[in-house]
Each structure stands twice: as structure tokens, then as C-alpha cells.
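>>> compute the structure for the input listed below.
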Amino acid sequence: GWKLSSLWVIILLLIFAAGLWQEKEAIEANKAGKVLLIVNVVLVALSIYFFKDGVQVFYLATALLLSLTLSLLLFLILKETNEEKKGYLKYLLVLVAAAEVAGSSYRVVNNKSGLDAQVLKEEIYYNDATQELLAQVEDETDFYRVDKQYTSTAYCDSLYQRYKGTASYIGGVGDNDYTQKLYNYLGLPVLEHVQRGTDQNTIINALCNVKYVMTKNQRLNTYGLEYRSGKDGITLYESKYTLPFGYVYDTYMTESDFLEYNYVDRRNLMMERCILGDEAGELLPEGIKEDAFYRDFSEKWKAYQAETTLEGKEIHFAPIQEGEVAILKLTTSAQEDAWAEAYYMQGNVMLGKVDVRLVKGKSSRYMEFMLAGTDRIPVSAVTSKPYEIASVELYVIPQEVYFAQLPEWIEERSQGSFQMSHFEEEQIEGTAVLSQDSIMVFTIPYDENWSAWADGKKQRLLQANVGFMGLALSEGSHEIILKYR
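Numbering: from 1, shown residues only. Below is the predicted model of the structure:
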């Protein structure tokens with residue numbers, strides 16, 4: 001409703017403009033009518049094109065009917081020479097416009113799940129248990145993320161929940177080129193300006209400083225998560241394996257070398273070494289070395305490949321067992337970019353779901369899940385054009401094998417990590433004690449408006465790990481300040 005609620009404003013502006021034209025006799029009424037007709041046709045076409053996927057057909061049809069009615073009345077007013085009849089038509093025009101305003105206002109303001117008295121009383125919608133559970137783990141002296149795997153009402157939950165929880169990033173954050181780049185490099189679902197979280201991936205959550213997970217469903221990935229609290233169907237977990245706000249590397253790899261590996265190898269690789277631009281090596285202290293060699297993780301999975309059967313757009317396989325990690329390589333062929341959803345099913349029971357991005361042409365992505373009992377995955381896309389699952393590969397790996405190095409990686413990256421002493425939205429302060437020259441990566445999306453000081457001297461911030469901020473530091477103790485201007 002909100003997308004179409006301002007159509008009447010456009011029409012009234014047209015009325016005002018046409019009135020000025022007529023008063024000044026700049027053009028004849030016939031010409032004004034033709035201009036109005038052309039503008040209205042363009043308006044209708046644009047409305048259908050831009051809003052067809054986000055608005056129910058009833059509301060779209062109603063809004064367009066009102067638009068055409070308003071335009072017809074305006075056209076009759078412009079053509080009418082009898083002043084008395086013209087006056088009646090103007091009154092009718094005002095009534096139709098008022099009806100449209102009332103309908104749109106009700107749809108946008110009243111007929112929605114907001115923070116009204118009932119919501120506050122019953123603790124539903126935006127006033128669910130989200131904030132109460134987050135308050136139990138809130139720490140003003142530290143920075144961390146919460147992976148909220150549900151929506152209280154809509155994807156803009158954070159706007160109504162003090163920016164303390166959202167299932168996706170929309171708008172300005174989604175338009176950050178560096179964040180988009182990181183998502184694309186790691187094979188995460190992103191479409192236009194919407195980014196739908198980290199796919200509940202254990203490694204990516206650790207790299208993104210995700211300390212807590214909130215869910216209403218079964219957890220797709222259970223490794224390292226410990227129950228913390230729960231209320232009204234919402235469960236809060238704490239992760240044993242997460243990196244601090246600022247973590248360190250003593251080796252790096254260029255983006256060009258990084259892109260030689262598949263999505264899952266890239267995720268694991270980022271735990272071992274920092275990813276920098278191809279020219280960044282010239283800006284680093286001598287103690288930080290480039291290391292392009294890497295063990296190909298997916299090579300050792302071949303011993304764990306499982307049989308699958310593809311039936312249309314459904315993937316069937318033997319049930320996943322407790323203590324196993326399933327890695328599904330899904331290759332699709334589509335005629336346009338689109339959202340899709342993959343459903344983790346045990347028989348006819350849905351255990352969970354995850355977003356899938358269909359890219360125009362042929363593309364592959366990797367899905368990691370640990371839902372015991374899952375035996376099939378149907379894929380459903382929101383697109384009017386044909387798409388198909390071209391091929392699938394499934395690897396079922398014991399968790400102790402797949403995550404064997406995770407504790408070691410966490411320990412290595414956390415040595416000499418940033419110790420926060422002061423946090424504000426526009427200024428962060430802390431210290432670090434390094435045993436060798438290092439690159440410190442801060443889990444803040446890279447932005448040219450941030451600047452850094454180390455020991456009172458301004459330093460150059462690096463674009464590190466594709467989408468984050470990095471700082472090259474020499475061995476020893478440092479006082480660090482980050483400022484946003």
C-alpha cells in the first residue's frame with residue numbers, strides 16, 4: 001500500500017499544472033488533455049513495472065483505477081466550457097481524490113502491525129521477546145553482532161527495535177559497494193539493495209563477529225552454539241567460536257589469488273590469512289608476508305560425496321545424521337536474477353529454509369546445513385521466467401573433520417586482538433599488544449568516512465577481507481582510535 005499511496009499526489013500536481021496552463025492560455029485544452037493522457041499512460045506503465053512484485057493485485061488494480069478516474073475527471077474539466085458543469089466536475093474530482101487519500105491512509109497507517117495498544121499489551125509483532133532477550137546479553141563495553149534468523153513483522157524490524165535486530169540489511173547499508181562485493185565473493189544471497197544475512201554459515205558468522213544467534217526455528221548450523229535463553233518461541237544461543245571486533249593476521253593473500261578458489265574454500269581461507277587488494281603489499285610493514293599457497297579444502301571432501309537424486313526442482317538424498325555437516329553445491333540456470341528459497345525437509349515436515357540467489361545464466365553456490373533428518377530440498381523461485389537446477393553435488397562430512405581447524409583459527413586470530421575501552425557510534429577507542437607486525441581487521445564495513453589513529457598518528461585504513469576495514473601495525477603496544485566523520 002505504501003508504494004502506491006502517493007499516486008493521488010502526482011495526479012493533484014497534474015491538476016495544478018493543467019490549471020496554470022489553462023489560466024495562462026499557454027496551450028489549448030485539447031493539448032492539455034493529450035499531455036495529461038500521455039503522462040497518465042506513462043504513470044500506469046511505471047506503476048505496473050516497478051510495483052507488480054511487491055503489491056497485492058487488488059491494491060494495484062484499485063490504485064490504478066483511481067488514477068484513471070482522476071485523470072478522466074481532469075480531462076473532462078479541461079474540455080468543459082460550461083462553468084456550472086465544470087464546477088460540479090471539480091467537486092467530484094475532490095471527492096474521488098479524498099476517497100483515495102482515505103483508503104491509502106488506512107492501508108498505510110491503520111491497517112498494519114505496528115506498536116499500538118494491543119501490540120504493547122500482548123507482546124507481539126515488533127514488541128515480541130526480541131528486545132527482552134537481547135537485553136540479557138547487552139554489553140556496552142564490547143562490539144558484536146547478533147544473527148537474527150527471523151522477522152518480527154518485516155525486514156525493517158531494526159527500525160522499530162532500536163536497531164538491535166534484523167534479518168536482513170536494506171537500503172543504505174545494502175548499497176555499500178564493499179559489502180556487496182564481500183557477499184558476492186563469499187557466495188551469499190544478495191539481490192539489488194537487499195542483503196539477507198550470512199546464510200547461518202559458521203565460518204562467516206565467526207568472521208563477522210557474530211556472538212549470538214536468535215531463532216524461531218531449528219538451527220541450520222548447530223556447531224559451537226550453546227543455549228543461552230528463550231521466550232515466546234524465540235531462542236537465544238551463544239557461539240563458542242567467534243572472532244573479536246578487531247582480529248589480526250601476519251600473512252595476506254591478494255584478491256586475485258583469492259578468487260581462484262570456490263566459495264567454501266574462500267570462507268575457510270579468510271580464517272587463515274587477510275585478503276587485500278593487489279597493490280596493498282606496498283603499504284605493509286616488512287614483517288607481514290604474502291602467502292598465495294593454500295590447501296584446497298574441497299579436494300578432501302571427495303571421500304564424503306553422497307548420492308543424490310534430482311526430481312525436477314527437488315533434491316533427494318539419505319537423511320543427514322546428528323554430528324554431520326552437509327555441503328550442497330547447487331548449480332542453477334536462470335533467465336534473470338531472482339530470489340529463491342531452498343526448504344530443508346524431513347518427509348513432509350519443513351525443518352528450516354534458506355535464501356538462494358539465482359543469477360542470470362549458469363551459476364553455483366554452496367549451502368552448509370546440519371539439520372539432522374533432512375532428506376530432501378525443494379527449491380522455489382520468485383520469477384516469471386523459466387529456471388532449472390542444472391546439477392547438484394552433496395558432501396556429508398563429520399563435524400569434527402569439517403571444523404577441525406576452527407578452534408585453532410579462532411585462537412590465532414584473537415592473539416593480540418583489539419581491546420575496546422570506549423565505544424560510541426562515531427568514535428571507538430582501544431589497545432592492542434602485538435608479538436609481530438600484523439594486519440588488524442575491524443568488523444566494520446569499509447567506508448572512506450572512517451579514519452584511524454595509532455599512538456597519536458593518523459594511519460591509512462586498508463580495505464581488508466574484501467568488505468571490512470584493516471590497519472597495518474608494527475610489533476608492540478598500540479593505542480588505537482577510529483573516528484567517523
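>>> hey, let's count contacts and neighbours off CA atoms from now on
Will do.
>>> what residues does the residue lying closest to Leu283 once chain neighbours are set aside make contact with?
Spatial nearest neighbour of Leu283, chain neighbours left out: Ala472 (7.9 Å); criterion: C-alpha to C-alpha, 6 or more residues apart in numbering. Applying C-alpha atoms under 8 Å, 6 or more residues apart in numbering, we find Ala472 in contact with 283-285, 437-440, 461-462.
>>> from these, which is closest to Ile481?
Nearest to Ile481 among the contacts of Ala472: Leu461, at 11.7 Å, using C-alpha to C-alpha.
>>> so what's the residue count around the closest one?
Using other C-alpha atoms under 10 Å, Leu461 is surrounded by 20 other residues.
>>> hmm, Phe468 and it touching each other?
No. Using C-alpha atoms under 8 Å, Leu461 is not in contact with Phe468, being 9.9 Å away.
>>> show me what contacts Ala309?
Actually, residue 309 is Thr. It isn't Ala. Neighbours of Thr309 in contact, by C-alpha under 8 Å, 6+ apart: 315-317.
>>> so which of the residues you listed is the most crowded?
Ile315 (23 neighbours).
>>> what helix or strand does it sit in?
strand 314-317 (DSSP states H and E).
>>> what sits up against that strand?
306-310, 375-379, 392.
>>> tell me the one of the residues you listed nearest Glu426?
Closest to Glu426, out of all of these and judged by C-alpha to C-alpha, is Val379, at 42.3 Å.
>>> confirm for me that the closest one is in contact with Tyr343.
Yes. Taking contacts as C-alpha under 8 Å, Val379 lies within contact range of Tyr343: 6.6 Å.
>>> return the member of the contacts of Thr309 nearest to Ile444.
Ile315 (37.2 Å).
>>> check what pLDDT the closest one gets.
On pLDDT, Ile315 comes in at 96.
>>> ok, the one 10 residues further on next?
Among the per-residue scores, Val325 holds a pLDDT of 93.
>>> could you do Ile170 as well?
49.
>>> buried set for stretch 285-304?
Of all the residues in stretch 285-304, those buried under the rule 16 or more other C-alpha atoms under 10 Å are 288-290, 297, 301.
>>> for the stretch 151-300 of the chain, what spans make up the helices?
157-160, 177-186, 202-207, 255-258, 263-272 (DSSP state H, counting those that start in this stretch).
>>> just to revisit the earlier point, got the angle between the helix or strand the residue nearest to Leu283 falls within and helix 177-186?
According to DSSP H and E, Ala472 maps onto strand 468-473. Put simply, strand 468-473 runs at 100 degrees to helix 177-186, going by axes from the mean of the first three to the mean of the last three C-alpha atoms, to 10 degrees.
>>> quick one: strand 468-473 to chain centroid distance?
Counting by C-alpha atoms, centre = their mean, to the nearest Å, strand 468-473 is centred 24 Å from the centre of its parent chain.
>>> list the strands paired with it, with their directions.
Strand 468-473 has the following strand partners under DSSP bridges: strand 438-445 (antiparallel), strand 462-464 (antiparallel).
>>> would you turn those into JSON lines with distance to Leu134, mean neighbour count and mean pLDDT?
Converted to JSON lines, these look like this (distance: least, C-alpha to C-alpha, whole Å; neighbours: other C-alpha atoms under 10 Å; pLDDT from 0 to 100):
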{"stretch": "strand 438-445", "distance to Leu134": "20", "mean neighbour count": "24", "mean pLDDT": "94"}
{"stretch": "strand 462-464", "distance to Leu134": "29", "mean neighbour count": "23", "mean pLDDT": "94"}
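>>> turn these into a markdown table, columns for distance to Lys231.
A markdown table is the format used below for those (distance: least, C-alpha to C-alpha, whole Å):
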| stretch | distance to Lys231 |
| --- | --- |
| strand 438-445 | 29 |
| strand 462-464 | 38 |
